[in-house]
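Trainee: no FASTA, just this:
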């Protein structure tokens, strides 16, 4: 398993900072470069999200869909004094609904969303509000994962940590890191995200857009100097084994901008699960 960022030691009690990060280091947040708005600050504002005139208290407001977005919307409307009326065609919970199995009482499974990056501060605002317990998600080679097996081209590699893998996989990881740093200002963008410097985020992103707007994920890595020097085997392994949570070759036809939106914000790293589903 190659990774987009180094896997730090994890602090199970932390949902507000990067696990294992030095206290003085600001965390990566979900400041999407297209619209870098600090939703966590907005949600935490002591004045709330807004207000309505008292004469409108109790006004019915239709909310279509009882998934996560609909439920959050209804909750916030109630806080404003309005009366949300929810319309749902199937079941409450949407893609985050935890499934139960009649043949296996007590067993639950998350068939949709199952792991949530700590950079998603707005999500964890509601997790904390509800008093939900979270745990580290056992991604490949994560600190809480007892072991990881990688089988590639008929060869199996058993590892407890990245140090147990052959140098080849570190070379693949290094090639990826060099590619996003050289071709997409990865370190600079993450520094701006940590600082919540929206002007700098937009400056970097707006410079990349015209250059990468029509570039595929595969075209980006294939054209990078680091992967050219590493060779085809490294590029192939990158697609099959991947980084963070697994291989990404199915995303090779997608725009590299979609991938950057994920890796800039650590959306594919440092995941936690909701205890009990």
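Mentor: Now that the structure is in, tell me what you want to look at. Here the structure is a predicted model, which means the values were calculated and not measured.

Trainee: pLDDT weak spots in the chain?
Mentor: 1-24, 243-246 (pLDDT under 70).

Trainee: do that again at 50, thanks
Mentor: Low-confidence segments of the chain (pLDDT under 50): 1-24.

Trainee: Run through the neighbouring helices and strands of the lengthiest helix in it.
Mentor: In the chain, with assignment by DSSP state H, the single longest helix is helix 167-184. Identification of packing neighbours for helix 167-184 by 3 or more C-beta pairs under 8 Å, 6 or more residues apart in numbering; DSSP states H and E yields helix 186-194, helix 198-212, helix 217-223, helix 225-230, helix 232-241, helix 256-264. Where C-beta positions appear, they are placed from N, C-alpha and C, glycine not excepted.

Trainee: any idea how far residue 98 is from residue 44?
Mentor: Distance from residue 98 to residue 44, counting by C-beta to C-beta, to the nearest Å: 27 Å.

Trainee: Likewise for residue 33?
Mentor: Taken as C-beta to C-beta, the span from residue 33 to residue 44 is 22 Å.

Trainee: now residue 179
Mentor: Going from residue 179 to residue 44 by C-beta to C-beta gives 36 Å.

Trainee: Of those two, which one has the most company?
Mentor: residue 179 (23 against 11; other C-beta atoms under 10 Å).

Trainee: so who does the closest residue to that one other than its chain neighbours touch?
Mentor: Computed as C-beta to C-beta, 6 or more residues apart in numbering, the closest residue to residue 179 that is not its neighbour in sequence is residue 224, at 3.7 Å. Shown in contact with residue 224 (C-beta atoms under 8 Å, 6 or more residues apart in numbering): 175, 178-179, 182-183.

Trainee: repeat that for 7 Å
Mentor: Neighbour list for residue 224: 179, 182-183 [criterion: C-beta atoms under 7 Å, 6 or more residues apart in numbering].

Trainee: now the residues you listed as TSV including distance to residue 40?
Mentor: Output for the contacts of residue 224, formatted as TSV (distance: C-beta to C-beta, whole Å):
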residue	distance to residue 40
179	30
182	31
183	30
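
Trainee: Would you mind checking which of those residues is nearest to residue 240?
Mentor: Each of the contacts of residue 224 was checked against residue 240 using C-beta to C-beta; the closest is residue 179, at 16.8 Å.

Trainee: I'd like the distance from that closest one to residue 99, if you could.
Mentor: Using C-beta to C-beta, one gets 38 Å for the distance from residue 179 to residue 99.

Trainee: ok, now which ones touch the residue located most distally from the centre of the chain?
Mentor: Of all residues in the chain, residue 55 has its C-alpha farthest from the mean position, at 41.4 Å, by C-alpha atoms, centre = their mean. Residues in contact with residue 55 (C-beta under 7 Å, 6+ apart): none are found.

Trainee: hang on, it in a helix?
Mentor: Yes - Residue 55: assigned to a helix according to DSSP: H, G, I helix; E, B strand; the rest coil.

Trainee: Would you mind measuring the gap between the ends of stretch 46-57?
Mentor: With C-alpha to C-alpha, to the nearest Å as the measure, the ends of stretch 46-57 fall 20 Å from one another.

Trainee: Could you find the closest non-adjacent residue to residue 226?
Mentor: Using C-beta to C-beta, 6+ apart, the closest residue to residue 226 is residue 178 (3.7 Å).

Trainee: Distance of the one you found relative to residue 250?
Mentor: In terms of C-beta to C-beta, residue 178 sits 23 Å off from residue 250.
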